[in-house]
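K.L.:
Build me a structure from this.
(3 chains)
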Amino acid sequence: MTAALSSQSILLLALLAPFVGALILPLAHKMPNLREAVTLVTAAALCLTVVSLLGPVLDGARPELTVVDVIPGLTVAFKVEPLGMLFALIASSLWFVNSVYSIGYMRANDEPRQTTFYVCFAVALGSTIGIAFAKNLFTLFLFYEALTLSTYPLVTHRRNEEAVRAGRTYLLLLLGTSLLLFLPAIVATWVLAGTLDFRPGGILPAGLSAPIIGALLALYVFGIGKAAVMPLHRWLPAAMVAPTPVSALLHAVAVVKAGVFSILKVAALVFGVDTLGAAGQSAWLTAVAGTTILVASIIALKQDNLKRRLAYSTISQLSYVVLGVAILAPISVAGAAMHIAAHAFSKITLFFAAGSIYTAAHLTEVSQLDGIGRRMPWTMGAFTIGALGMIGVPPTAGFLGKWFILTGAMQTANWLAVAVIFVSTILNAAYFLPIVYRAFFCEPMGGHDKSGEAPWPIVVALTATAIGTVLMFFFPDIPFALAKLLSGR
Amino acid sequence: MSAVWPHLPILQVIIPLFGALLAGFARRSGAAFAITLVVSWLMPLCAGAMLWQVLASGPISYHLGSWPPPWGIEYRVDVLNAFVLMLVSTIGAVIMPFARRSVAFEIEEGQRAWFYCMYLLCLTGLLGVTITGDAFNAFVFLEISSLSTYVLIALGRDRRALLAAFQYLIMGTIGATLYVAGVGLLYLVTGSLNMVDIAARLGPAWADNSRAIIAALAFVTVGVSLKLALFPLHAWLPNAYAYAPSWATAFLSATATKVAIYLLVRFLFSIFGVAIDFRALPVAAIVVALSLAAMFVASLIAVFQSNLSRMLAYSSVAQIGYITLGIGFVNLAGLTGGLVHIVNHALMKAALFLAVGAIFFRVRTVRLSELAGIGRKMPITMAAFTVAGFGLVGTPGTSGFISKWYLALGALEKGWWVVVFLIVASSLIALVYVGRVLELAWLREPSDAIKDANDPPLSMLLPLVLLAAATIYFGLDTEWTAGIASMAAKDLLGGLR
Amino acid sequence: METLATALGHYNYVITIFLMMIGLYIVVVRGNMVKKLVGLSIFQTSVYLLYIAPGKIIGGTAPIIDPAFKVYSNPLPHVLILTAIVVGVATLALGLALVVRINEAYGTIEEDEIFERDRET
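P.N.:
Numbers count the residues shown, from 1 in each chain, chains lettered A, B, ... in the order given. Okay, here's the model as predicted:
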């Protein structure tokens, strides 16, 4: 009893920590050092509380917390389950690293309105944790929208015409899809199932016809715009106008992962993988995910702006997770969960590197990067590891997720999925390896004469995540254990 | 206390009526404000006590002058009108402190006492319409509130206010006259003016007088719809709200149309619905169609407004559409959604219009083009505006979401899938017009016109923040809004034939 | 033929509707604000008639309880309409007051000219 009680209060702490931080931050408005200390302490506190939940969860505990009954049956409630645990673990640990990075980046680039920046960041992270630990669809939706709204000021941080326009796209697409498709899907689920609680095996009543299940699934897949399934992906490249730490943590990890995480949860815990399989939903979802993967990769090939290339790569990689769901084999669903973790570490490394290059050399385009590796070996070394992770080359974590998804595809004889994975791997290599090649093997252009790395917090952060990418390959036990628990077999 | 207790229903009306007289005679604005403040703060106590009584022990029936109904006028309080009474009086009480500075700023000293006098008369009328159980008495109160509203609007800062008041006077009088014609037909058929009594006698009269009864239904519905600004009978509203004194706009937008909606619900569900199967008539379908049109057309017009008040006024027309939409569903979830949106919209719109009033108080303009960067100069005001604005959009965690949730459920219950999408699609248009303001307010550099602006004094800020906080609070705890609304809806639907 | 007979039999309603439509027509069509108010008054008056006319019963007396009289007219409509007339007078007075103020502010009471002047500023 005492153990359950304590893990419940830890859960409450984890949920509150970022918001408390957000409240304290403005008080330290005039004292940047104190302000940054508050951010770091908050991030560390969140990370510690989440990590301390890990043990009980692996032992089978599922701490729960009900906050308020909004409408009878519609509650704001939280419950820690394996997939949410994995997501919270990634988000909170990377927030800490990212905070170190942010401090280096924001100071070196002399960004304005830093207090607002850190406050919104903390609220965004709090919302992410809310999504990760949501017990039901309503709570998830609540924090999903909170995440959109709290990241909007970050996307429009620069407040110039370009940022404002990007913010418009961002808000309209994300809020638009969620209100227009996601919300009706939730209402329909409520009407059909009488509950919105996530439950292993799904909550929808037996005997629904395949077209209804298909329509509902489509509403979810396209309504959860954060997953950036084509053609609703435009917000993600638009969001790249934000400062790099935002792109790195929010638009490569927290926000987009919240999207695919929600799809995973809906598929596994609202529909149930078996129900989806029985209703024959695999084919069209595979096609949609496959198209997104390939088309986004091809677009990425043509992007010269480094951050935009990374953004399209993210769109493509996110659909691996959707693909993992679409294959509807338990192993591929676990693979999808693994991929969430692996992609998070690799992609944040890549963004960190992009921001590092911007900070140290003020370069943003791929074509300017000739020889940059000699000048910034740490940065480009980390970039290379991240790129290998994206392609899925061992010994990086990216390999594992892809491997499990591929295994699932083979098991279910989903040859379309298999083909997509192979072709996309080649495409991944085609848009990442030239960058690495340019950086290390091309002669530097006359432009950047000065030598040197970015400020140390940036280098430390990107090195840490690069090491994480490799470590996860060798020690995949924790994420894999959590991922396996999801599919329940 | 025990002497007062049984007379609460009449006190609810008499206190503001005499308060109006006192405020008018006071002549000096300070004294008039003090009287008005005391009266406004008494009202929720009175309404709250009745609501408590109704929830505990069922409807209250109060016989004016001890004449038993149907001969005398009966004041009848059930869950529905206790709910509306509570809303109207609470809004009045909460926003009253805002009035002193705002009115002092916008209205000349000689007219301020009259402003408060007219406000109290308007309050009398609105509370009277809500509490009375007599159809003709409702007409009288309706006209008391309308006449005082015309004056309130005409006191606006600009000569266009006069024109707006005149237009509203014409439209409002037509509406009230149509209503009273409908009541006259009902009287001819049933020989009674007591609402409960009419409902009881209407059923037996249906066989011989179906045509007169349908005509009465049409007259009442159209007349009241004019008052509540149901699309396309809303033409008076945008100008009236845009040019009236800011504080009056906040009060009227939150209460006046809501009381008219109450009257419509009362007639449809407690009178016609009890006697005849009005679901067999096309009235609900027409209401639904017009509501949907309101939600889209008015929202789209709102997007293109260059004046903040007018934008919010058109948004009101659209939001009224949500309320009548729920009423038109004629099922539990829909009606609950409509009724709860009465409260939710009142709170949000009052907050928004108070924010507009605060902005006008500081920068003397509400033209959008001149308000760039206002968020940085008046952060608390605009933060409240932002919160209430997201309430209009209906993002989860705000009270607007609760309304939309029930409305969507109501639509699904009828099997109207398309309507569910229309509901959410129209909230996207709300996102566009709210977002437009927010973008301008927060992301642009402040212009020279507003460079000296800052947040208004506490007496103005507090009501504003309170209402914005209520938007969040009632988005998370709905026991007092949706809970009571669903009780009222259950009562209404339970009485249907 | 039968319809005509019904209409004639209910001639008070015919007059009511006639007045109502005239009033409404004037309100809608006339741009002069005083004329609008005249129309509005006619419109309201029609409803007074709607109430009053059925109250009269041919051969009925005032409702005095006396064995000599069997048929009474209903006095209640008169009372009601007295109230309605008061409301109507108040509305008319307020309307006219507004017209005076509009005339002071704009220098005209023709609606289209007023719109013109608003557009100019």
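
K.L.:
ok, now how distant is residue B:186 from residue B:277?
P.N.:
Look at residue B:186 and residue B:277: by CB to CB, to the nearest Å, they are 17 Å apart. (Each C-beta comes from the backbone N, C-alpha and C, glycine too.)

K.L.:
Neighbour count for these two, which is higher?
P.N.:
More crowded of residue B:186 and residue B:277, by other CB atoms under 10 Å in any protein chain shown: residue B:186, with 32 against 11.

K.L.:
ok, that one - contacts?
P.N.:
By CB atoms under 8 Å, 6 or more residues apart in numbering or on different chains, the residues touching residue B:186 are B:135, B:198, B:202, B:213, B:216, B:220, B:271.

K.L.:
Next: residue C:24.
P.N.:
B:174, C:39, C:43.

K.L.:
If we use 10 Å, what do you get?
P.N.:
Residues near residue C:24 by CB atoms under 10 Å, 6 or more residues apart in numbering or on different chains: B:174, B:177-178, C:39-40, C:42-43, C:46.

K.L.:
Also residue B:189?
P.N.:
B:198, B:201-202, B:205-206, B:208-210, B:212-213, B:215-216.

K.L.:
List buried residues within those residues.
P.N.:
Using 16 or more other CB atoms under 10 Å in any protein chain shown as the burial test, those include B:198, B:201-202, B:205-206, B:209, B:213, B:215-216 as buried.

K.L.:
Any chance of those residues in CSV with secondary structure, distance to chain C and pLDDT as columns?
P.N.:
Shown next, in CSV, are the buried ones among the contacts of residue B:189 (DSSP: H, G, I helix; E, B strand; the rest coil; distance: CB to the nearest CB, whole Å; pLDDT from 0 to 100):
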residue, secondary structure, distance to chain C, pLDDT
B:198, helix, 14, 93
B:201, helix, 15, 92
B:202, helix, 17, 90
B:205, helix, 14, 89
B:206, helix, 19, 88
B:209, helix, 13, 87
B:213, helix, 15, 92
B:215, helix, 10, 93
B:216, helix, 11, 94
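
K.L.:
Widest-spaced pair of those residues?
P.N.:
Across those, the longest distance by CB to CB is 16.7 Å; it joins B:201 and B:215.

K.L.:
In the stretch 151-300 of chain B, mark out all the helices, start to finish.
P.N.:
When secondary structure is read from DSSP state H, counting those that start in this stretch, the stretch 151-300 of chain B shows helices at B:159-190, B:195-228, B:236-243, B:246-265, B:273-275, B:283-293, B:299-303.

K.L.:
which strands and helices sit next to the longest one?
P.N.:
In other words, helix B:195-228. strand B:74-77, helix B:135-154, helix B:159-190, helix B:236-243, helix B:246-265, helix B:273-275, helix B:283-293, helix B:308-329 (3 or more CB pairs under 10 Å, 6 or more residues apart in numbering or on different chains; DSSP states H and E).

K.L.:
quick one: it to helix B:159-190, angle?
P.N.:
Put simply, helix B:195-228 runs at 150 degrees to helix B:159-190, going by axes from the mean of the first three to the mean of the last three CA atoms, to 10 degrees.

K.L.:
Helix B:195-228 vs helix B:283-293, what angle?
P.N.:
Taking the same axes, to 10 degrees, one finds helix B:195-228 and helix B:283-293 inclined to each other by 30 degrees.

K.L.:
Tell me how far stretch B:65-77 lies from the chain's centre.
P.N.:
26 Å (CA atoms, centre = their mean, to the nearest Å).

K.L.:
quick one, what contacts residue B:375?
P.N.:
Residue B:375 makes contacts with B:381-383, B:385-386, B:437-444, B:446, as judged by CB under 10 Å, 6+ apart.

K.L.:
how far away is it from chain A?
P.N.:
Separation of residue B:375 from chain A (CB to the nearest CB, to the nearest Å): 11 Å.

K.L.:
my guess is residue B:219 meets residue B:179, correct?
P.N.:
Yes. If you go by CB atoms under 10 Å, residue B:219 and residue B:179 touch, sitting 6.9 Å apart.
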